[in-house]
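1. below are the sequence and a predicted model; questions follow.
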Amino acid sequence: MISSVYLSVLGALFFAAGAAAQTAPQYGQCGGIGWTGATVCPSGWTCTVSNSYYSQCLPGAAPSTTIPVTTPAGGSPTSTSAVASGTTTLLPGNSFVRADEDPNFHKYLRSETIGSAGTAVLGDPDTAAQFQILDGQLVQMLPNGSSLYAIVAPQVNSTEVMLGVSWSTSPATSGTFMWSGDSLEWSSPTVSRPQLNAWLVCPDEDDNLDVFINLGPYDYDTPAGCADQTLNAYTGATATP
């Protein structure tokens with residue numbers, strides 16, 4: 001007779017294999033501590049590590065090793081191979097978006113690779129991007145006149161504590177961005193959140209300050225290494241430290 005212990009172990013192995021064989025959605029979570037969902041991304045998408053708690057399916061092949069940019073004395077190298085290509089003078093109708101609390105005081109929202117689709121991060125004032133909210137879309141207004149749209153990763157299961165945010169050349173198909181005063185909020189009828197303006201900022205392995213939607217209460221059960229933040233509009237003439 002086959003023991004119940006053997007059957008339990010066999011069932012667990014089949015469950016794990018089945019989860020790994022499933023395909024995560026575009027921009028969806030595909031790994032991290034405690035993650036039991038799909039770990040395979042769609043064709044043409046790569047499971048990209050943001051931090052120990054979160055990996056996300058992003059478009060493109062696996063990233064190659066990046067070479068830090070050489071900066072003048074007194075500066076520090078960045079983890080991307082692009083340099084700021086836009087102006088830090090605010091254009092009419094636009095807003096900067098920044099954190100106003102430590103440890104990311106006056107770090108500004110932008111793309112990890114400046115002006116390109118990819119992970120949403122916070123960076124220094126001289127690399128700040130500019131934004132508008134149009135029809136519920138958070139739109140990054142690029143200096144060349146084109147746009148990038150904020151995409152929030154879909155929630156796959158109830159165990160997720162945060163959702164990745166990235167930039168795409170195509171508009172988001174779910175969720176709504178809005179201002180509440182100067183505070184940036186995001187909501188979706190399919191995602192339950194106790195606080196619509198709660199964000200998490202988590203350094204990745206290259207020290208990029210990756211931005212996430214916080215699905216839990218603000219400043220409670222914060223994932224290790226991450227910081228609770230609110231993100232706020234700033235309409236001064238230039239992005240200031």
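-> Nice, thanks for sending it over.
2. can you pull out the low-pLDDT segments for this structure?
-> 1-21, 61-87 (pLDDT under 70).
3. where do the helices sit along it?
-> For the chain, the helices defined by DSSP state H cover 4-21.
4. center of it - which residue?
-> residue 165 (2.9 Å; Cα atoms, centre = their mean).
5. and the gap between that residue and residue 121?
-> Separation of residue 165 from residue 121 (Cβ to Cβ, to the nearest Å): 9 Å. For the C-beta atoms, the positions are set from N, CA and C on the backbone; glycine is no exception.
6. likewise for residue 241?
-> Taken as Cβ to Cβ, the span from residue 241 to residue 121 is 17 Å.
7. touching both of residue 165 and residue 121, which residues are there?
-> residue 211 (Cβ atoms under 8 Å, 6 or more residues apart in numbering).
8. tell me who's in contact with residue 189.
-> With Cβ under 8 Å, 6+ apart as the criterion, no residue contacts residue 189.
9. separation between it and residue 217?
-> 20 Å.
10. over to residue 108?
-> 25 Å.
11. quick revisit: let me see the contact set for the residue nearest to the centre of the chain.
-> 119-120, 150-153, 211-213.
12. ditto for residue 99
-> Contacts of residue 99 by Cβ under 8 Å, 6+ apart are 105-107, 122, 201, 229-232.
13. in strands, which of these appear?
-> 122, 201, 229, 231-232 (DSSP state E).
14. so which of those wins on neighbours?
-> Neighbours here mean other Cβ atoms under 10 Å. Within those, the largest count is held by residue 229, at 27 neighbours.
15. what sits against that one?
-> Neighbours of residue 229 in contact, by Cβ under 8 Å, 6+ apart: 99, 101, 104, 199-201.
16. which among those gets closest to residue 31?
-> residue 200 (16.9 Å; Cβ to Cβ).
17. what's across from the closest one in the sheet?
-> residue 212, residue 228 (DSSP bridges).
18. so it sits against residue 220, correct?
-> No. Residue 200 is beyond contact range of residue 220, at 11.6 Å (criterion: Cβ atoms under 8 Å).
19. which one of those two has more residues nearby?
-> residue 200 (26 against 11).
20. please determine how far the more buried one is located from residue 171.
-> For residue 200, the distance to residue 171 - Cβ to Cβ - is 24 Å.
21. residue 91 too?
-> Taken as Cβ to Cβ, the span from residue 91 to residue 171 is 21 Å.
22. okay, now residue 211: neighbour count?
-> Residue 211 has 28 nearby residues by other Cβ under 10 Å.
23. am I right that it is in contact with residue 199?
-> Yes. Between residue 211 and residue 199 there is a contact under Cβ under 8 Å: 6.3 Å.
24. what residues are shared contacts of the two?
-> residue 231.
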